[in-house]
Every structure is written in structure tokens, then in C-alpha cells.
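**Q** Sequence first, predicted coordinates after that:
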Amino acid sequence: MPYILIQVTDEGVTKAQKEAMIAGATDLMVNVLNKDPESTFVVIDEVHTDNWGHGGEAVTKRRQREAAAKRTT
């Protein structure tokens, strides 16, 4: 029974995109590992950018810094 956890930042992932991720992850298990899609579980965890770090800082802060840099160029 595969359990697939997909974690993304909560920045406007649409319902259609989530449905595509669930279908794609399930298809991957079927095609690669020959798993039954009825026993495959996919969970999408949307994480606030304050709670997701990259390069030693929160993604929220990185995005703000990058946006400010674009406005000055």
C-alpha cells in the first residue's frame, strides 16, 4: 500500500493541479512498481512559506528580497 506525501508551498496551487499531481503520482506507482491504484494513497501537504526554509532563510523572506531586487532593476 503506497503512501505518497507531496509537500508544496501554499502559493496558489489550483484544484486542477492537485488533481494532476494525485493522478500522476498514482500512475507512477502503477507503471513503475505495478501497484494497485485502489491501494495507493496520495496526500498533498501545503506548507506556508514562513514554515519552509531554503538557503538558511524562510521562503517568505527570500521571495520578498527577490521581489525587492526585481523592483530596483
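**A** Done, it's in.

**Q** which stretches of this protein form helices?
**A** 15-33, 59-72 (DSSP state H).

**Q** Among these, show me which one is buried the most.
**A** Scoring these by mean neighbour count under mean count of other C-beta atoms under 10 Å gives helix 15-33 as the most buried, with a mean of 13. For every residue, glycine as well, the C-beta is placed using N, CA and C.

**Q** Any chance you could list what contacts that one?
**A** For helix 15-33, contacts defined as C-beta atoms under 8 Å, 6 or more residues apart in numbering pick out 2, 4, 6, 35, 36, 37, 40, 42, 44.

**Q** quick one: contacts for the fourth one?
**A** To tie it back to what came earlier, the one meant is residue 35. 2, 29.

**Q** Same check on the third one?
**A** Contacts here follow C-beta under 8 Å, 6+ apart; on that basis residue 6 touches 21, 25, 42, 43, 44, 45.

**Q** for the second one, same thing?
**A** Applying C-beta under 8 Å, 6+ apart, one finds that residue 4 lies in contact with 25, 26, 29, 40, 41, 42, 43.

**Q** Spatially nearest residue to the third one (excluding sequence neighbours)?
**A** Think residue 29. Of all residues not flanking residue 29 in the chain, residue 35 sits nearest, at 4.1 Å (C-beta to C-beta, 6 or more residues apart in numbering).

**Q** how close does the one you found get to residue 52?
**A** 29 Å (C-beta to C-beta, to the nearest Å).

**Q** now swap in residue 72 and tell me
**A** 25 Å.

**Q** what does residue 2 give?
**A** Taking C-beta to C-beta, one finds residue 2 at 24 Å from residue 52.

**Q** what do you get for residue 23?
**A** For residue 23 relative to residue 52 (C-beta to C-beta), the value is 24 Å.

**Q** And for residue 58?
**A** Taking C-beta to C-beta, one finds residue 58 at 7 Å from residue 52.

**Q** One more: residue 32?
**A** 28 Å.

**Q** for residue 43, same thing?
**A** The value you get for residue 43 to residue 52, if C-beta to C-beta is used, is 17 Å.
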